[in-house]
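In: I would like to see how this sequence folds:
(one chain, ligands or ions: 1)
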Amino acid sequence: MILKAVFLFLIPVSLGYVEDLPDRCPSAQDELFVYPKIQFPGLEPFQVRCYSDGEFGSGWMEVFFKFYDSWVFNLTYDQYINGFGHVEYQHFIGLEKLHILTNRKPHEVFIEILNYERGYRVRCENFVVGDRSEGYSLKRLDGCSEDTESLQLIQGTKFSTFDRDLDGSPDHNWAKELGLGFWFSAGKPILEKRKLLYLFIRRKD
Ligand SMILES: *[C@@H]1O[C@H](CO)[C@@H](O)[C@H](O)[C@H]1NC(C)=O
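Out: Okay, here's the model as predicted:
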């Protein structure tokens, strides 16, 4: 693991192009979306979708986008660890990348959950995802613009998928019932497969 990290880090540096690759979404962009490649030591370069919000500004990296009534998110724990989908449409960046990104640099988060009648929009100043041994938990989720507990987004909650139910509810496997992986806690989630979900993160340093 360490050897691999060193190897991936040294190659781009020796070829001299690492500076060309931004490691964050641009702090100013005119377009709604741009698609830069992100280079992180220890990871292969990967393409991301960067979003500029009318209210919260630029610099947001889209890490989860699920459209209304989508059935394609009922996937396994391993698939959620690795990530899936296409950055130009529905996708999830992967729990391992989310852990690495939010642990190496301080990040804020912006979550939007919409159905046809109403929407929830919450921004939190601190967002850290735990590692595999921590169940990729919401290790830190605070400084939020709304009461996130009423949205069933609770600090410490582990990530659940249909094949790995860590929601803490004895009567439910929410991921299986609702058809997607997420940080489900015991209470009835407001999120389900009919709803649209956006999750963006932004570096604070
Ligand atoms: C998700 O997939 C599992 C395994 O195939 C299945 O048992 C479950 O019913 C599915 N959930 C939904 C909401 O389709």
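
In: ok and the residue in the protein nearest the ligand?
Out: The ligand sits closest to residue 179 of the chain, with a gap of 3.1 Å, by Cβ to the nearest ligand atom. Backbone N, C-alpha and C define where each C-beta goes, glycine included.

In: how many residues are close by that residue?
Out: 17 (other Cβ atoms under 10 Å).

In: against residue 91, how distant is it?
Out: Per Cβ to Cβ, to the nearest Å, residue 179 is found 16 Å from residue 91.

In: close to the ligand: what parts of this protein are there?
Out: Taking Cβ under 6 Å from any ligand atom as the contact definition, the chain meets the ligand at 74, 162, 176, 179.

In: how about a cut-off of 8 Å?
Out: 71, 74, 162, 163, 175, 176, 177, 178, 179, 193 (Cβ under 8 Å from any ligand atom).

In: just among the residues you listed, which is most surrounded?
Out: residue 175 (26 neighbours).

In: residue contacts, that one?
Out: With contact taken as Cβ atoms under 8 Å, 6 or more residues apart in numbering, residue 175 is in contact with 74, 160, 161, 162, 164, 165, 167, 181, 182, 184.

In: please, which helix or strand holds the residue nearest the centre of the chain?
Out: Among the residues of the chain, the one closest to the centroid is residue 63, at 3.9 Å (Cα atoms, centre = their mean). Assessed by DSSP states H and E, residue 63 sits inside strand 57-66.

In: next one: that strand to chain centre, how far?
Out: Chain-centre distance of strand 57-66: 8 Å, with Cα atoms, centre = their mean, to the nearest Å.

In: which elements pack onto it?
Out: For strand 57-66, the elements it packs on are strand 49-53, strand 91-92, helix 95-104, strand 196-203, judged by 3 or more Cβ pairs under 8 Å, 6 or more residues apart in numbering; DSSP states H and E.

In: mind redoing it with 7 Å?
Out: For strand 57-66, the packing partners by 3 or more Cβ pairs under 7 Å, 6 or more residues apart in numbering; DSSP states H and E come out as strand 49-53, strand 196-203.

In: in this protein, which spans are strands?
Out: With strands called from DSSP state E, the chain shows them at 33-34, 37-38, 46-47, 49-53, 57-66, 84-85, 91-92, 107-114, 119-129, 138-144, 196-203.

In: that older thread, which ones are touching the residue nearest to the centre of the chain?
Out: In this structure, residue 63 makes contact with 93, 98, 199, 200, 201, judged by Cβ atoms under 7 Å, 6 or more residues apart in numbering.

In: mind putting these into a markdown table with neighbour count and distance to residue 39?
Out: Listed next are the contacts of residue 63 as a markdown table, based on neighbours: other Cβ atoms under 10 Å; distance: Cβ to Cβ, whole Å:
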| residue | neighbour count | distance to residue 39 |
| --- | --- | --- |
| 93 | 24 | 15 |
| 98 | 26 | 17 |
| 199 | 21 | 22 |
| 200 | 24 | 20 |
| 201 | 25 | 17 |
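
In: wait, residue 169 sits on residue 178?
Out: No - using Cβ atoms under 7 Å, residue 169 is not in contact with residue 178, being 11.9 Å away.

In: so what does residue 193 have for phi and psi?
Out: phi -70, psi -20 (degrees, to the nearest 10).
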